[in-house]
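Chemist: Requesting a structural model of the entry that follows:
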Amino acid sequence: MPRYHYSSQDVSAALRDVGLGRGDVVFCHVGLLKLGFPKEMHQGRSAFEVIHDSLWEILGPDGTLLTPAYSYSFCKGEVFDPDQTPSDVGPFGEAFRKLPGVKRSLDPIFSVAGKGPRVDELFADLPRNCFGSDSIYDRLGRIGAKLVNIGVTTHTRTPLHYIEQVIGVPYRYPKIFSGLIMRNSRPVKEDWIFSVRIMGNFSLPTADKIEQEELELNLARAAGLGLGRIVSIGFNDFYDLCRKKIARDPWFFAREQVDPIDRERNRVGKQEFNLHLLENPEPEQLAACLKCLPRDVVSEGFDTALRVISQVIPLTIHEYPTGTECFGRIIPEKWTCHEASLVASDGRPIFSYADNPRHVASYSQSFEGEISRDELFRHLYTDPAHPGEIPFAFMYYDRDWALCCSQKTKDVLTADRYQVKIRCDFSYGTLKVGEYALPGRIEDFILICSRLGPGLSGRDDVQSVAAGLDMLRVLKARPDRRYTYRWLVLPDAVGLAAYIRQNEWLVPKIKGGISLGPLSPAAPLVRLDSLEGPAAAAICLDPAAWLEDLRPNSDAACRCNTFNPALPLISLPETADSDAFHPTLVRLVKLLED
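Modeler: Reported below is the predicted structural model:
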């Protein structure tokens, strides 16, 4: 038996048989080991050199060759350096990217290595979306490139994810990854979108399901080579066939059709909270019940909080799936923290998630290990301005872990070593927004927003809900109301963006917005006017006649948004209690209605 399985002549012949020629733009997945050993190995030539040189023999100087150099850097929480970060997807791409004249796209997850006259136009100014519109996979289709698998099965066809994202299949969703990219020798923090699959075998890709049909329709061509073969198809032919399959069955390229929420709940488990709420509870009882819940943006705790409030006032619950894009924001995954703790090296517990959910940063990654004091402090959030309070910290898109404690606690952490344990899960879920509509004589309405997240700077947002309920009681006491009022209970500003995005037909009827407490740490007042997209122009309304009465100096108990004078947005001071802000709400309702 021969000690080799193919020769360079065999490679060139097979490449011609599958339709490659001079000047082609080729994106190829290569599995060197799948083909066996080339005859030229005894001459000192590697399998890479044989395949690489044969490709250029066929493509010629006017051809362009591209291959994956995927590093998944942001997924792993690593810095991406296009010159140094190795490829994670096989020896061919890694060897190719190191060659003189080969360029690499600045994608920190799915970078591509390429050489040839079309590379610059394919790599220039790529959007920060691995598989979105105008991504490299979109551009390859537009220029009529060819998709080639050498030695690897057609199961491995990354461009499928472009079609899956553009169409919007039910087993994948866009997710933001943040990290550092080395640009001109300097680290730059960037956010990139990668359409990830929902965890589970059911969502594993099966691009090879259409290979036989491609060959029967003469869309693809195949030729044997060594222990494997080469398959080639035009990007546009591949995309067109994928679109037809997904249009008939959105689950076509998944292994199994399932209920994603149920599968994720079974995988992660469901948190249960033992709550006891009396009928017709007093505001203090409701506040105490809500305060004990970890109310992260997409979480079982926030969902439970809405169910608790619904026992007091009937809320309509709106659900927005993970990955939903709304005015530049993307709804994050559901985050479930099972446990988190900091323990001294002698075994003495210092604090834990069970003591207070604020002790772990919202959307922290899991971590377990013994670390130094310096390392701990790099991952520990405090608020020196409020030394006795545990701050709220969140890291929706950073692939890192973090704990939180009061400055007073940090000041006594003098030991050299500590044990950290954080166990949490990320899963596909739905962000929920509670709505209560109080009708008036006209359909034009005032939007009232209560944020019910974990709270900012040690402050708990249950005050915002209490204010909303109080305002509704004041409004209900006026049977002849002019405006309709819509009260929203939101986990964060992204909840408001999702609600507006899905209810744009309501936007022309908005006559004002009231934020009963800040909606985000970056902006102490909600800013509907900052939303982008078709709703933005409609939100900029004519000034209300009563706006001047709501300036900051008109009432010490409320502050008014002055970012857009046409849209009054009121925020209660962080220290106000129910007795302090009730007169303000009465006065506000009088201004609105009279």
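
Chemist: tell me the mean pLDDT over the helix or strand where residue 335 lies?
Modeler: Here residue 335, judged by DSSP states H and E, is contained in strand 334-344. Average pLDDT, strand 334-344: 96.

Chemist: Listing partners with orientation, what would you give for it?
Modeler: When pairs are called by DSSP bridges, strand 334-344 turns out to pair with strand 349-352 (antiparallel), strand 417-427 (antiparallel).

Chemist: Which among those is found nearest to residue 21?
Modeler: strand 417-427 (46.1 Å; C-beta to C-beta). C-beta coordinates here come from the backbone N, C-alpha and C atoms, glycine included.

Chemist: Can you mark which positions in the closest one are buried?
Modeler: By neighbour count with 16 or more other C-beta atoms under 10 Å, strand 417-427 contains the buried residues 418-420, 422, 424-427.

Chemist: picking that back up, nearest to residue 314, of the strands paired with strand 334-344?
Modeler: Among the strands paired with strand 334-344, strand 417-427 comes nearest to residue 314, with 28.6 Å by C-beta to C-beta.

Chemist: Residue 5 reaches residue 35, doesn't it?
Modeler: Yes: between residue 5 and residue 35 there is a contact at 6.5 Å, judged by C-beta atoms under 8 Å.

Chemist: one step back: okay, the strands paired with strand 334-344 in TSV with distance to residue 196 next?
Modeler: Formatted as TSV, those follow (distance: least, C-beta to C-beta, whole Å):
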stretch	distance to residue 196
strand 349-352	30
strand 417-427	10
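
Chemist: So for the chain, the centremost residue is which one?
Modeler: By C-alpha atoms, centre = their mean, the mean C-alpha position of the chain lies nearest to residue 175, the distance being 2.8 Å.

Chemist: distance between whatever helix or strand it lives in and the chain's centre?
Modeler: Taking DSSP H and E as the definition, one finds residue 175 inside strand 172-183. Relative to the centre of its chain, strand 172-183 is centred 9 Å away, using C-alpha atoms, centre = their mean, to the nearest Å.

Chemist: Stretch 312-332 too?
Modeler: 13 Å.

Chemist: Span of stretch 102-115 from start to end?
Modeler: Using C-alpha to C-alpha, to the nearest Å, one end of stretch 102-115 lies 5 Å from the other.

Chemist: Show me the contact partners of it.
Modeler: Applying C-beta atoms under 8 Å, 6 or more residues apart in numbering, the external contacts of stretch 102-115 come out as 27, 64-75, 80, 82-83, 85, 87, 93, 96-97, 99, 101, 119-120, 122-123, 126, 130-131, 136, 158, 177, 179, 181, 183, 190, 192, 194.

Chemist: Helices of the stretch 301-450 of the chain, residue ranges please.
Modeler: 373-378, 407-411 (DSSP state H, counting those that start in this stretch).

Chemist: coming back round to it: show me which of residue 5 and residue 35 is the more surrounded one.
Modeler: Neighbour count, other C-beta atoms under 10 Å: between residue 5 and residue 35, residue 35 has more, with 25 against 16.

Chemist: looking at it, that one is touching residue 225, isn't it?
Modeler: Yes: with contact defined as C-beta under 8 Å, residue 35 reaches residue 225; the gap is 5.9 Å.

Chemist: Touching both of these two, which residues are there?
Modeler: 6, 150-151.

Chemist: For residue 589, state which of those is nearest.
Modeler: Using C-beta to C-beta, the shared contacts of residue 35 and residue 225 come closest to residue 589 at residue 150, 71.5 Å.

Chemist: And the closest one, how close does it get to residue 190?
Modeler: In this structure, residue 150 and residue 190 are separated by 32 Å, where distance is defined by C-beta to C-beta, to the nearest Å.

Chemist: neighbour-wise, which of the two wins?
Modeler: Between residue 150 and residue 190, counted using other C-beta under 10 Å, the more crowded position is residue 150 (27 against 16).

Chemist: pLDDT score assigned to the closest residue to the more buried one other than its chain neighbours?
Modeler: Residue nearest to residue 150 in three dimensions, not counting chain neighbours: residue 30, with 4.6 Å by C-beta to C-beta, 6 or more residues apart in numbering. Here, the pLDDT recorded for residue 30 equals 96.

Chemist: now swap in residue 184 and tell me
Modeler: 89.

Chemist: neighbours around it, how many?
Modeler: 5.

Chemist: Need the phi and psi values for it.
Modeler: Per-residue torsions, residue 184: phi 50, psi 40 (degrees, to the nearest 10).

Chemist: again with residue 28
Modeler: phi -130, psi 140.

Chemist: what's the burial count for residue 139?
Modeler: With other C-beta under 10 Å as criterion, residue 139 counts 18.
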